[in-house]
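Q: Give me a model of this one.
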Amino acid sequence: YAEITYNHYLGEAYYVRATVFYAMARRFGGIPLVTKVIQYPGDGNLEVPRASEEETWNQVVADYDKAIELMMPGSPKSGYSNKYVALAFKSEAMLYAGSVAKYNETVTGRLTGLGAKTGVRVIDTMNPIVEGGTGFIPGPFGTGKTVLQHAISKQAEADIVIIAACGERANEVVEIFTEFPELVDPHTGRKLMERTIIIANTSNMPVAAREASVYTAMTIAEFYRSMGLRVLLMADSTSRWAQALREMSNRMEELPGPDAFPMDLSAIISNFYGRAGYVYLNNGEVGSITFIGTVSPAGGNLKEPVTENTKKVARCFYALEQDRADKKRYPAVNPIDSYSKYIEYPEFEEYISKRINGEWTAKVNELKTRLLRGKEIAEQINILGDDGVPVEYHVIFWKSEVIDYVILQQDAFDEVDAVTPMERQEDILNLVVDICRAEYKFDGFLEVMDYFKKLINLCKQMNYAEFKSEKFEDYKRQIREMVAERQ
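A: Numbers count the residues shown, from 1 in each chain. Here you go, the predicted model:
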């Protein structure tokens, strides 16, 4: 190749790398910057640490500048990028980076999961969602997606709750209409229906109406956000919206993607979830849209396109599990597969340290580790039998059961247990951590089982008692006495 052509192709490589980094920076912020070929096993460590967001954007602009310097105004091959394409993408990337630098403040202390709670322990304690955040609840039929959404919408500290019933069965929509007017909003003392907007789109309506229903709900939410209100938007279910997109795409003879969904399904879902967020208004007020959708994968397959593409954009993932639902462990959120990316944010750590205590995140991570260890031991016990594993393994397993029964499980139909204030959640978390950290002495696995069943029963009775009431404190005292007697 002539030198000018060689430089052009080298510039194309810089252009491609800059565009890839740009796309990743938009989704993740700071990313690991791999700018040289990693020789394995010569270089040893393949783990490149994550760069800061500022360093990432600096790398993007440096690569675009190098591409612009090397590329020709016209490409040697028709349809390939050139200097002006690189200039256009650089201007777009820098406009985005400048907007982030000037206007974006990630978490300011107003949280749906903590400061403004949902009252659901498996969300608030284990996998919190921030105000203006996004999350989704996938799960097979009958695992409690709608019940969990209704529980969140009843208890969350939001000024407006919008429920988009997208392709839902009519009986579920009627249930909202009959139930919500009778319920009292615990934050205002007025009827829950007064702050609730329902977009009713039942499964017998045309497929085009399904797409219209979710966009109508989001547009209404943006209207109230612009008024400086906190909006909670619930969509049930985005799978039926995606099915409507597939139906229309197929009828228009568009090129099908995986499972015949549209090729641009990922972009459609990303753009929709991207409309949620926390905004600063021109009058100095703030508003937010917190979006939680449900996904109904066929046969509970969480690897299908809608679930996979939603996982890429939603920051919270609450996976409902058929096995937990069959065992009546509600809410049936799988504590191991589920996650919240917000818990990793330094702003979140700072908020927790100020409002609750500095050990909160460490304790939550400890409980997640114990749950994972308990699941592994349960599988070993199933294979080898109760007497085929050491007594210590039974203790570890039953400690994970304490976490499950006391924190993860919650009775949405009990007046006290349905809503757990953050002060009570902190108290429960500290108690469960103390139980799990204690060292116990047992002679056999039957002793372990009997002891922990009694302990779990006391803890569940405590959950049904009014916080800091005489009965609550009495159960708590009995629990601590039981723990002390076995040490």
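Q: Bridge partners for the residue most central in space within the chain, pull those for me.
A: Nearest residue to the geometric centre of the chain (Cα atoms, centre = their mean): residue 316, 0.7 Å. Under DSSP bridges, the beta-bridge partners of residue 316 are residue 135, residue 340.
Q: quick one, what contacts it?
A: Counting by Cβ atoms under 8 Å, 6 or more residues apart in numbering, residue 316 makes contact with 123, 127-129, 133-136, 292, 339-342. Backbone N, C-alpha and C define where each C-beta goes, glycine included.
Q: Please report the distance of it from residue 273.
A: With distances taken as Cβ to Cβ, to the nearest Å, residue 316 is found 11 Å from residue 273.
Q: intersection of neighbour lists for these two?
A: With Cβ under 8 Å, 6+ apart as the test, residue 316 and residue 273 both reach residue 134.
Q: Which of the three states applies to residue 233?
A: What DSSP: H, G, I helix; E, B strand; the rest coil gives for residue 233 is strand.
Q: wait, it sits on residue 218?
A: Yes. If you go by Cβ atoms under 8 Å, residue 233 and residue 218 touch, sitting 6.7 Å apart.
Q: where does the chain dip in pLDDT?
A: For the chain, the stretches with pLDDT under 70 are 41-45, 102-117.
Q: now the strands: where do they sit in it?
A: Ranges of strands in the chain, per DSSP state E, are 134-138, 160-168, 196-202, 230-236, 277-280, 286-295, 316-317, 339-340.
Q: Point out the other helices and strands that the longest one packs with.
A: Right, the one you point to is strand 286-295. strand 134-138, helix 145-155, helix 207-225, strand 230-236, helix 238-251, strand 277-280, helix 305-313 (3 or more Cβ pairs under 8 Å, 6 or more residues apart in numbering; DSSP states H and E).
Q: Which of these sits closest to residue 51?
A: Nearest to residue 51, of all the helices and strands packed on strand 286-295, is helix 305-313, at 20.6 Å by Cβ to Cβ.
Q: Return the set of buried residues in the closest one.
A: Using 16 or more other Cβ atoms under 10 Å as the test for burial, helix 305-313 gives 305, 306, 307, 308, 309, 310, 311, 313.
Q: same thing with stretch 356-364?
A: With burial defined by 16+ other Cβ under 10 Å, the residues of stretch 356-364 counted as buried are 356, 360, 361, 363, 364.
Q: Please apply the same query to stretch 182-189.
A: For stretch 182-189, a neighbour-count test (16+ other Cβ under 10 Å) marks residue 185 as buried.
Q: Same question for stretch 433-442.
A: For stretch 433-442, the neighbour count (16+ other Cβ under 10 Å) marks 433, 435, 436, 440, 442 as buried.
Q: same check, this time on stretch 316-330
A: For stretch 316-330, burial by neighbour count (16+ other Cβ under 10 Å) applies to 316, 317, 318, 319, 320, 321, 322, 324, 325, 329, 330.
Q: cool, and stretch 348-358?
A: Those would be 348, 351, 352, 356, for stretch 348-358 by 16+ other Cβ under 10 Å.
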